[in-house]
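[1] what follows is a predicted structure for the sequence shown.
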Protein chains: 2
Amino acid sequence: MNSLGKSIAKPVQLDAVSKAIIEQLQTDGRRSYAEIGKAVGLSEAAVRQRVQKLTESGVMQVVAVTDPMQLGFYRQAMIGVRVSGDTTLVAEALGALDAVDYVVLTAGSFDILAEVVCENDDDLIDLLNKQIRAIEGVQSTETFVYLKLFKQLYNWGTR
Amino acid sequence: MNSLGKSIAKPVQLDAVSKAIIEQLQTDGRRSYAEIGKAVGLSEAAVRQRVQKLTESGVMQVVAVTDPMQLGFYRQAMIGVRVSGDTTLVAEALGALDAVDYVVLTAGSFDILAEVVCENDDDLIDLLNKQIRAIEGVQSTETFVYLKLFKQLYNWGTR
DNA sequence: AGTGAAACGACCGTAGA
DNA sequence: TCTACGGTCGTTTCACT
C-alpha cells in the first residue's frame, strides 16, 4: 500500500547507509552489490539484503526510464482539466490514453493534472480535441506546453 | 544531448526486440541480461550490447525511484508560478530547493510548473511563503494539492 | 544485522559468422 | 548485429557472530 490518499504507512526511517545505497542506485540502477558495498562500507551480502528490504517494503524500486525526446516525442505538455461530475472516471479515461504519462487528481482550480507526450503540435491538437475533450465529464482544459525542463527527480506513488 | 529545447536529435527507431528489452527493464531494472535474453529470444551478449547502446545513446537509463509517501512526505503539490522578468533565473532558484523535485518552463498562464514534496501542510505553507514566494521575480503562485495519483510513467529529459 | 567461504550464475572481452 | 566461449567477477546460500 502506498500512493497518495491510501492507507498512511508510518515513514521508514532510513539510516545514512541506506540513503547512500539508494543514492548509488539513483546514479546507476545496475551497479553491482559488491561495488555499492565498497562505496558505502558494507559487505556485498549486507547491501543485497538492504536493497531487497527497500524494494519489498516499497520504499524504492529500480526501473528503466526513457527519454521521450530521443524517441521522437518532441512536444510535451501539462493539461489542467476541469471536470463536471466524477473526477475519478475522467482520471481513469485519461490514464487509458497512450499519450498520457501522468494523471493526478488535484484540489485547486483544476480537478486533474495530466502530462502528455506527443510527436508534434498536430498530434497535441488532435489529442486535445479528439481524445481528451471527448471524454464524458471534461468541462474545460488548459494546456501548458513545456519549453524547457530544469529539474527532475524520480518519485513514484502508483504501483 | 537531449532535454526539452536542446538540439533536436533524430528519433531512434526501436525495433520490437529493443522495445521488449526496455519493457523488461521497466518491470525490473535489475533483471539479468541472460533472463531478459530468454524472454526476448536473444543471447545474453546481444542483450547486453543493446542495453549498452540504449543507455549510451541516452534513450534509456536504469535508476532507482523512491516513494515519497513511504519516506514520510505525505503532501505533494504542483505549483503554478507566474514570473516577472527572467523565468530561467526563477526556475534555477526553484530547482535549488530540496522540496522541489520537478521544474519546467511552460507556455501558458503559468511561466513555470514546479512539483513539490512536503511532510505535511505546515511544511507546504512554509515552503510557499518563506521559500518560493521569496524568490526574486516570483509574481504569484497557484497551488494544486495532490489528492490521488492515477498513472505515472517514467520519462526523463534532464540528465 | 552483519561477515566469510564455496558453488553457482552472470558478465565481459574477444573471435568469428 | 548476432552467437559462442572462457576468464573473471558478482550472486547466492549457509554456517556463524
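    Now that the structure is in, tell me what you want to look at.
[2] who's in contact with the residue sitting furthest away from the middle of chain A?
    Going by Cα atoms, centre = their mean, the residue of chain A most distant from its centre is A:S43, 32.1 Å out. Contacts for A:S43 (Cβ atoms under 8 Å, 6 or more residues apart in numbering or on different chains) come out as A:G37. (Glycine included, C-beta is placed from N, CA and C.)
[3] okay, it and chain B: tell me how far apart.
    For A:S43, the distance to chain B equals 18 Å [Cβ to the nearest Cβ, to the nearest Å].
[4] check A:C118 too.
    12 Å.
[5] can you check A:V12 too?
    6 Å.
[6] where does that residue sit: helix, strand or coil?
    Judged by DSSP: H, G, I helix; E, B strand; the rest coil, the three-state class of A:V12 is coil.
[7] what of A:V81?
    Applying three-state DSSP: A:V81 is strand.
[8] thought it was touching A:L113?
    Yes: between A:V81 and A:L113 there is a contact under Cβ atoms under 8 Å: 7.4 Å.
[9] show me what from chain A comes close to DNA strand C.
    Residues of chain A found near DNA strand C (Cβ under 7 Å from any atom of the strand) are A:V17, A:L42, A:S43, A:A45, A:A46, A:Q49, A:R50, A:K53.
[10] what's the helix or strand hosting A:D126 in contact with?
    Assigned by DSSP states H and E, A:D126 falls within helix A:121-126. Helix A:121-126 is contacted by residues A:R75, A:A77, A:A99, A:V116, A:C118, A:T143, A:V145 when judged by Cβ under 8 Å, 6+ apart.
[11] which SSE is immediately downstream of it?
    Following helix A:121-126 in sequence, per DSSP H and E, is strand A:138-152.
[12] tell me how far that next one lies from the chain's centre.
    Relative to its parent chain, strand A:138-152 has a centroid offset of 15 Å by Cα atoms, centre = their mean, to the nearest Å.
[13] parallel or antiparallel, list what pairs with it.
    Applying DSSP bridges, strand A:138-152 is found paired with strand A:75-83 (antiparallel), strand B:100-107 (antiparallel).
[14] show me what that strand is in contact with.
    A:75-84, A:90, A:110, A:124, A:128, A:132-133, B:3-5, B:80, B:91-92, B:94-95, B:100-110, B:113, B:156-158.
[15] how close does the residue farthest from the centre of chain A sit to A:G29?
    In this view, A:S43 and A:G29 are 21 Å apart by Cβ to Cβ, to the nearest Å.
[16] got the buried residues for stretch A:47-60?
    A:V47, A:R48, A:R50, A:V51, A:L54, A:T55, A:G58, A:V59, A:M60 (16 or more other Cβ atoms under 10 Å in any protein chain shown).
[17] now swap in stretch A:123-137 and tell me
    Within stretch A:123-137, the residues that count as buried by 16+ other Cβ under 10 Å are A:D123, A:L124, A:L127, A:L128, A:Q131, A:I132, A:I135, A:G137.
[18] got the CA positions of that stretch in CSV?
    In CSV, the C-alpha atoms belonging to stretch A:123-137 read as follows (Å, rounded to 0.1, in the frame of the first residue of the first chain):
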residue,chain,number,x,y,z
ASP,A,123,-0.7,15.4,-32.5
LEU,A,124,-1.2,17.5,-29.5
ILE,A,125,-4.1,19.3,-31.1
ASP,A,126,-5.7,16.0,-32.1
LEU,A,127,-5.1,14.6,-28.6
LEU,A,128,-6.9,17.6,-27.1
ASN,A,129,-9.8,17.9,-29.5
LYS,A,130,-10.5,14.3,-30.4
GLN,A,131,-9.5,12.4,-27.3
ILE,A,132,-9.3,14.4,-24.1
ARG,A,133,-12.2,16.8,-24.8
ALA,A,134,-14.2,13.9,-26.0
ILE,A,135,-14.2,12.3,-22.6
GLU,A,136,-17.5,12.5,-20.8
GLY,A,137,-17.3,15.0,-17.9
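[19] dump the residue contacts of A:A64.
    Contact analysis of A:A64 by Cβ under 8 Å, 6+ apart lists A:G29, B:I22, B:L25, B:Q26, B:G29, B:M60, B:Q61, B:V62, B:Y154.
[20] one more: A:R31?
    Shown in contact with A:R31 (Cβ under 8 Å, 6+ apart): A:Q24, A:L25.
[21] just the element for it, please.
    Going by DSSP H and E, A:R31 is not in any helix or strand.
[22] ok so, going back, need the contacts of A:A64 in a markdown table (columns: pLDDT, secondary structure and distance to DNA strand D).
    Below are those laid out as a markdown table (pLDDT from 0 to 100; DSSP: H, G, I helix; E, B strand; the rest coil; distance: Cβ to the nearest atom of the strand, whole Å):
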| residue | pLDDT | secondary structure | distance to DNA strand D |
| --- | --- | --- | --- |
| A:G29 | 97 | coil | 11 |
| B:I22 | 97 | helix | 14 |
| B:L25 | 97 | helix | 15 |
| B:Q26 | 95 | helix | 19 |
| B:G29 | 97 | coil | 12 |
| B:M60 | 95 | strand | 15 |
| B:Q61 | 96 | strand | 18 |
| B:V62 | 96 | strand | 13 |
| B:Y154 | 89 | coil | 22 |
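[23] alright, that wraps it up for me.
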